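Just to be clear, the model below is a prediction. Sequence and coordinates:
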Amino acid sequence: MKTLQELERIAVSAGCLAVSGEPMSRHTTFRVGGPADLFLTVLNAEALSLILKKARELSIPLMMIGNGSNLLVGDKGIRGCVVLLSGEFCQTSRIGDTELRCGSGVSLAGACNAAKKYNLTGLEFAWGIPGSVGGAVYMNAGAYGGEMRQAVSSVQCMYPDGTIGEIRGEDLQFGYRHSVFMENKAVILHAVFSLKSGNSDAISLAMEDFYNRRKEKQPLNKPSAGSVFKRPEGHFAGSLIEQCGLKGVSVGGAAVSEKHAGFIINKGGATCADVLGLIRKIQETVQKETGVSLECEVRMVGE
């Protein structure tokens with residue numbers, strides 16, 4: 001604990017906000033998760049570099065989070081330090097005629113609104129995805145035929161030793177729910193979206209269409225982490241789960257959504273253990289009845 005106190009002291013001196021024992025249920029869209037030993041809100045790159053280097057020196061595990069929209073945190077919480085980027089990482093700016101630079105802490109909704117403000121098209125598919133730019137780039141988030149790899153041209157990142165670099169194009173290694181950042185452990189600072197000039201009214205209509213489709217088919221009024229499982233080749237996870245008669249099935253406070261079987265919702269008081277129990281039940285049932293193995297898309301962290 002002394003090492004955590006040392007990291008906290010340095011972080012606070014660098015202008016960060018620090019909280020000990022912060023419940024992670026406050027920082028995930030599932031609304032579940034135990035406490036983080038230390039939770040830091042970092043406002044600028046200088047402070048982040050200092051924290052990364054000090055945590056490395058003290059052998060303190062660090063975990064970066066965005067909007068927590070794809071996280072399932074264990075009931076005992078997270079050992080070490082959780083870092084949320086805010087301040088300068090929540091800014092957007094236009095570059096040239098058709099590029100948009102967004103900090104990793106910008107919500108996807110904020111990025112979409114900025115694109116619309118500048119009459120830039122190509123990011124409408126992300127409207128309604130409840131994540132941050134950093135998290136979306138990290139997992140190459142997508143929906144309705146669009147993915148981050150179609151729009152992101154470069155990413156500024158910070159490596160564990162505190163140095164800053166830029167990764168562009170194919171070097172981002174975008175794949176299905178994958179990017180290079182899953183391997184290189186660099187922290188995403190900013191992303192540049194290469195878009196096209198468009199019409200504000202057409203962009204607004206497209207955004208509204210995507211939102212209405214989500215509202216019609218997804219349980220947006222309940223805490224969830226979106227689609228729980230990756231799309232199995234040749235199938236749709238939600239269809240397989242519904243086919244197996246699992247809609248509405250629950251374990252504790254976690255339930256398969258009646259609206260979209262690919263979603264697990266927190267119907268009230270769910271624990272991580274409830275969600276994991278339901279995930280196992282779904283996987284076992286689908287495997288037994290269809291022969292298809294479902295792989296989790298949701299990232300499970302903590303204890």
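That came through, no problem. Numbering: from 1, shown residues only.

Show me where the stretch 1-150 of the chain has its helices.
2-13, 45-58, 108-117, 133-138 (DSSP state H, counting those that start in this stretch).

Out of those helices, which is closest to E170?
Closest to E170 of the helices of the stretch 1-150 of the chain, according to CB to CB: helix 133-138, at 14.8 Å. Any C-beta I mention is one placed from the backbone N, CA and C, and that applies to glycine too.

In CSV, list the C-alpha atoms belonging to the closest one.
Below are the C-alpha coordinates for helix 133-138, written out as CSV (Å, rounded to 0.1, in the frame of the first residue of the first chain):
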residue,chain,number,x,y,z
VAL,A,133,-13.0,7.5,-28.7
GLY,A,134,-10.1,5.7,-26.9
GLY,A,135,-12.1,2.7,-26.1
ALA,A,136,-13.6,2.5,-29.5
VAL,A,137,-10.2,2.7,-31.2
TYR,A,138,-8.8,0.1,-28.8
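
looking only at pLDDT, what's the mean for it?
In this model, helix 133-138 has a mean pLDDT of 94.

Check which helices and strands it is in contact with.
strand 99-103, helix 108-117, helix 181-184, strand 187-194 (3 or more CB pairs under 8 Å, 6 or more residues apart in numbering; DSSP states H and E).

if we can go back for a sec, so of the helices of the stretch 1-150 of the chain, which one's packed in deepest?
For these, the largest average neighbour count (mean count of other CB atoms under 10 Å) is found in helix 133-138, namely a mean of 28.

List the contacts of that helix.
64-67, 69-70, 85, 89, 102-108, 111, 126, 129, 141, 148, 152, 155, 179, 181-182, 188, 191 (CB atoms under 8 Å, 6 or more residues apart in numbering).

what number of residues lie near the nearest residue to L220 once chain neighbours are set aside?
Counting by CB to CB, 6 or more residues apart in numbering, L220 lies nearest to R214, which is 6.5 Å off, once chain neighbours are set aside. If you count neighbours by other CB atoms under 10 Å, R214 ends up with 18.

Any buried residues in stretch 286-299, and which?
V286, T290, V292, L294, E297, V298, R299 (16 or more other CB atoms under 10 Å).

Span of stretch 83-100 from start to end?
End-to-end span of stretch 83-100 (CA to CA, to the nearest Å): 25 Å.

Likewise for stretch 147-156?
Note: stretch 147-156 ends 19 Å apart using CA to CA.
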